[in-house]
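J.: A structural model of the following input is requested.
(one chain, ligands or ions: 1)
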Amino acid sequence: MTKRYRDTTALDDVSFTVRPGELVALVGPSGAGKSTVFRCLTRLVTADAGHVDVLGTPIDALHGRALRDVRRKIGLIFQQFNLIGRLSALDNVLAGRLGHVATWRVATRLFPPADRQIALAALDRVGLLDKAYQRADSLSGGQQQRVAIARVLAQQSRVVLADEPVSSLDPSSAANVIGVLRDIAREHRIGVLCALHQVDFARDYADRIVALRGGRLVLDAPARDFDDAAFSRVYGSEALAASM
Ligand code: ADP
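T.: Residues are numbered from 1 along each chain as shown. Model prediction:
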């Protein structure tokens, strides 16, 4: 992908692949182009050159219903959870079934029993079955993010884009959430692309790290290879010194 905004080249011929079952961390300093990658992958913006394949479908040329069908297969996880606070954890997870359920059922909130089973199983998988009927805004940040993970599970997404999913969590909840995300990627063969600004989490939990700097891809390697030399290539040697 190449993407320019007027005189800024936000992405300069960036190319990488996320395979089923792997968690790929997208890292890089502020302004590196991470958000632009996410915008291109969901077609909020269209790359000026290059193309994006989602599950074998080139999405750049899609419109209308065909684009909506592909988007439905992409689960999104946000830094601020994006749950509806006054609804229960279960209803939030059921929202992930919206693309699969007739409109009248959504309007009346009468989800079929099979969908409730899928949603409850998803909450169970993230360890929150006992919170199913609790209001989302009464849950801790880490629990809310696990509800968001349950929602993409219930959505039966094959691809998940997680934009800084642990940035607003304390370190122990963050480790828990990213661990759940990685395990679910493996179990369900979901490809997860996860923007992270905590390099330690990327190293500990990701399968691969894709690093951008100034819109260029500077590294695409197994997470265990992300050593100090790689860190300074991405963030600069001053940042490495400051992190020690
Ligand atoms: P990151 O998410 O890694 O911080 P972004 O993708 O937001 O990086 O930004 C990449 C570059 O593109 C930056 O130089 C940023 O200023 C520029 N940019 C992003 N969005 C716009 C926009 N809508 N208009 C102009 N420049 C933009």
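J.: Show the subsequent helix or strand relative to the longest helix seen in the chain.
T.: When the chain is parsed with DSSP state H, its longest helix is helix 171-188. Heading C-terminal from helix 171-188, the first helix or strand you meet, by DSSP states H and E, is strand 191-195.
J.: List the pairing partners of that following strand within its sheet, with orientation.
T.: strand 23-27 (parallel), strand 159-163 (parallel) (DSSP bridges).
J.: and for that strand, what are the contacting residues?
T.: 18-27, 34-35, 37-38, 41, 158-165, 178, 181-182, 185, 206 (CB atoms under 8 Å, 6 or more residues apart in numbering). All C-beta atoms are positioned from the backbone trio N, CA, C, and that covers glycine.
J.: in it, what's buried?
T.: 191-195 (16 or more other CB atoms under 10 Å).
J.: Which SSE is immediately downstream of that strand?
T.: Next in line after strand 191-195, if elements are assigned by DSSP H and E, sits helix 199-205.
J.: what sits against the residue nearest the centre of the chain?
T.: The residue lying closest to the centre of the chain (CA atoms, centre = their mean) is residue 162, at 1.6 Å. Neighbour list for residue 162: 76-77, 181, 192-195 [criterion: CB under 8 Å, 6+ apart].
J.: Local confidence estimate at it?
T.: Looking at residue 162, its pLDDT stands at 96.
J.: What residues are bridge-paired with it?
T.: Beta-bridge partners of residue 162, as defined by DSSP bridges: residue 77, residue 194.
J.: With residue 12 as the reference, measure out to it.
T.: Distance of residue 162 to residue 12, given as CB to CB, to the nearest Å: 24 Å.
J.: and the residue nearest to residue 45 when sequence neighbours are not counted, which of the three is it?
T.: Leaving out its chain neighbours, the residue that sits closest to residue 45 by CB to CB, 6 or more residues apart in numbering is residue 39, at 4.5 Å. With DSSP: H, G, I helix; E, B strand; the rest coil as the basis, residue 39 sits in helix.
J.: Could you count how many residues lie near residue 39?
T.: Neighbourhood size, residue 39 [other CB atoms under 10 Å]: 17.
J.: How much space separates it from the ligand?
T.: 7 Å (CB to the nearest ligand atom, to the nearest Å).
J.: Now do the strands in this structure.
T.: 3-5, 8-11, 23-27, 53-54, 57-58, 74-77, 159-163, 191-195, 208-213, 216-222 (DSSP state E).
J.: Could you export the second one as CSV, CA atoms only?
T.: The C-alpha coordinates for strand 8-11 follow below in CSV (Å, rounded to 0.1, in the frame of the first residue of the first chain):
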residue,chain,number,x,y,z
THR,A,8,2.7,13.6,3.5
THR,A,9,3.4,10.1,2.4
ALA,A,10,1.7,8.2,5.2
LEU,A,11,2.5,4.8,3.8
